[in-house]
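In: the following block contains a protein sequence and its predicted model.
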Amino acid sequence: MEDIARVEGGLGVIYKRGGTFYARVRIGPNKYAHRSLKTANKAVAIKAAQKLVHKFEFQKEKQKQDLEWDKQKELIKLGLKHINPI
């Protein structure tokens with residue numbers, strides 16, 4: 001069990017299979033992405049898994065922002081919202 005570790009507060013887990021570490025990252029409710037970390041070194045695997053978690057979190061946040069922007073554009077198109085100049 002020493003070849004398993006949680007990263008980023010449990011958003012990701014690393015595990016070893018066949019001498020190589022892999023990451024499992026939560027990307028949604030009951031939804032996970034599995035990726036090879038292409039290393040046998042646990043310290044390197046933890047760093048790589050942290051970067052992978054951050055990448056997926058960034059993508060998730062960007063999708064939320066894109067959806068919000070699309071809603072705003074639709075309201076503007078319908079004339080229900082005015083753009084406030086900066």
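Out: That came in fine, so what should we check first? Numbers count the residues shown, from 1 in each chain.
In: per-residue pLDDT, Lys81?
Out: With respect to pLDDT, Lys81 scores 64.
In: and the helices in this structure, which stretches?
Out: Using DSSP state H, the helices assigned to the chain run over residues 42-78.
In: can you tell me which residue sits nearest the middle of it?
Out: With distances taken as Cα atoms, centre = their mean, the residue of the chain nearest its centroid is Phe56 (1.7 Å).
In: quick check: it touching His34?
Out: No - in this structure, Phe56 is not within contact of His34 by Cβ atoms under 8 Å, at 11.9 Å. Bear in mind the C-beta positions are built from the backbone N, C-alpha and C, glycine included.
In: for this protein, which strand is longest?
Out: strand 20-28 (DSSP state E).
In: and that one, which strands flank it?
Out: strand 12-17 (antiparallel), strand 31-36 (antiparallel) (DSSP bridges).
In: any idea which of those is most buried?
Out: Among the strands paired with strand 20-28, ranked by average contacts under mean count of other Cβ atoms under 10 Å, first place goes to strand 12-17 (a mean of 18).
In: now His54. Nearest residue, chain neighbours left out?
Out: Once flanking residues are discounted, His54 sits nearest to Glu8: 7.7 Å by Cβ to Cβ, 6 or more residues apart in numbering.
In: low pLDDT regions in this structure?
Out: Applying pLDDT under 70 to the chain flags the ranges 1, 81-86.
In: can we see that at 80?
Out: The model of the chain has pLDDT under 80 over residues 1-2, 63, 75-86.
In: hang on, Ala48 packs against Ala23?
Out: Yes - counting by Cβ under 8 Å, Ala48 touches Ala23, with 7.1 Å between them.
In: which neighbours do those two have in common?
Out: Common neighbours of Ala48 and Ala23, counting by Cβ atoms under 8 Å, 6 or more residues apart in numbering, are Leu37.
In: contacting residues around Lys60?
Out: Here Lys60 is in contact with Ile27 (Cβ under 8 Å, 6+ apart).
In: roughly how far apart are it and Val25?
Out: Taking Cβ to Cβ, to the nearest Å as the measure, Lys60 falls 11 Å from Val25.
In: fine by me, we can end here.
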